[in-house]
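Peer 1: okay, here's the prediction I keep looking at, along with the sequence it came from:
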Amino acid sequence: AQSVTQLDSHVSVSEGTPVLLRCNYSSSYSPSLFWYVQHPNKGLQLLLKYTSAATLVKGINGFEAEFKKSETSFHLTKPSAHMSDAAEYFCVVSDLETLGRLYFGRGTQLTVWP
Amino acid sequence: NAGVMQNPRHLVRRRGQEARLRCSPMKGHSHVYWYRQLPEEGLKFMVYLQKENIIDESGMPKERFSAEFPKEGPSILRIQQVVRGDSAAYFCASSPTGDSNQPQHFGDGTRLSIL
């Protein structure tokens, strides 16, 4: 069975400091993992994806994530937060068993203080 | 830039009425997914359709909800006899294939409010 646990429902950082959003997953098969961002009253925008290539994945807006199979983790990081990064972030998993449907974590609300 | 288009953006219905939500996938995408986002929750899969076929409806409530993706025109998510608990944001996503490693592209959603 597939599931995603986002370990923090809220994360607050100061502008210019690093961001860490934590995600653990469970998957029966080799997973595909994604991070999406959602700004208020908007849809979801893809930040990055892991699909069994390099374990360190670079995405848009300076975000990156590292796939660690031994820890079943896919944490999202950014070296320096910007005010525009304030949004809700979702860690997402799919695999061959899910026929393409996505399983979402409950989301992490990122607040960036000036 | 024709992304995934959903309409209406906001829909208000009274209990017992019908709600119709529309989704036009990105150009070249023939796979459509519907998700529901309840307050304080992540998104939950509802249904996966390909042109004229329902591939997976394991996330759809057994009653009152139906979905279609006709040969011509948008995909429609239909909710009959709406109840307060149907209030949520409904998102449509599309992809060019049904492969699990293909990212899905999302629309801006329809926010359904039930009075």
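Peer 2: Nice, thanks for sending it over. Residues are numbered from 1 along each chain as shown, chains lettered A, B, ... in the order given.

Peer 1: near chain A, which residues of chain B show up?
Peer 2: Listed as neighbours of chain A in chain B under the rule Cβ under 8 Å from any Cβ of the partner chain: B:4, B:6, B:31, B:33, B:35, B:41-45, B:48, B:55-56, B:59, B:91, B:93, B:95, B:98-109, B:111. Where you see a C-beta, it was placed from the backbone N, CA and C, and this is true even at glycine.

Peer 1: of the residues you listed, buried ones?
Peer 2: Buried by 16 or more other Cβ atoms under 10 Å in any protein chain shown: B:4, B:6, B:31, B:33, B:35, B:42-45, B:48, B:55-56, B:59, B:91, B:93, B:95, B:98, B:100-109, B:111, out of these.

Peer 1: how far does stretch B:74-88 stretch from start to finish?
Peer 2: This stretch, stretch B:74-88, spans 21 Å end to end (Cα to Cα, to the nearest Å).

Peer 1: quick check: buried residues in it?
Peer 2: Within stretch B:74-88, judged by 16+ other Cβ under 10 Å, the buried ones are B:Pro74, B:Ser75, B:Ile76, B:Leu77, B:Ile79, B:Val82, B:Asp86, B:Ser87, B:Ala88.

Peer 1: any idea how far that stretch is from the middle of the chain?
Peer 2: 9 Å (Cα atoms, centre = their mean, to the nearest Å).

Peer 1: give me the contacts around it.
Peer 2: Surrounding stretch B:74-88, the residues in contact under the criterion Cβ atoms under 8 Å, 6 or more residues apart in numbering or on different chains are B:5, B:13-25, B:32, B:34, B:36-39, B:46-47, B:49, B:64-69, B:90, B:92, B:111-114.

Peer 1: and if we set it to 7 Å?
Peer 2: B:13, B:15-24, B:32, B:34, B:36-38, B:49, B:64-69, B:90, B:92, B:112-114 (Cβ atoms under 7 Å, 6 or more residues apart in numbering or on different chains).

Peer 1: surely A:Tyr50 and A:Glu66 touch.
Peer 2: No. Under the contact definition of Cβ atoms under 7 Å, A:Tyr50 does not touch A:Glu66, with a separation of 8.8 Å.

Peer 1: re earlier: which two among the buried residues of stretch B:74-88 are spaced furthest apart?
Peer 2: B:Pro74 and B:Ser87 (22.4 Å; Cβ to Cβ).

Peer 1: of A:Tyr50 and A:Glu66, which one has the most company?
Peer 2: A:Tyr50 (21 against 15; other Cβ atoms under 10 Å in any protein chain shown).

Peer 1: check contacts around that one.
Peer 2: With contacts defined as Cβ under 7 Å, 6+ apart, A:Tyr50 is in contact with A:Ser32, A:Leu33, A:Val57, A:Ala65, A:Phe67, A:Phe74.

Peer 1: run through those and flag the ones next to chain B.
Peer 2: By Cβ under 7 Å from any Cβ of the partner chain, the members of the contacts of A:Tyr50 lying near chain B are A:Ser32.

Peer 1: by neighbours, which of the contacts of A:Tyr50 wins?
Peer 2: A:Phe74 leads those on contacts (other Cβ under 10 Å) with 28 neighbours.
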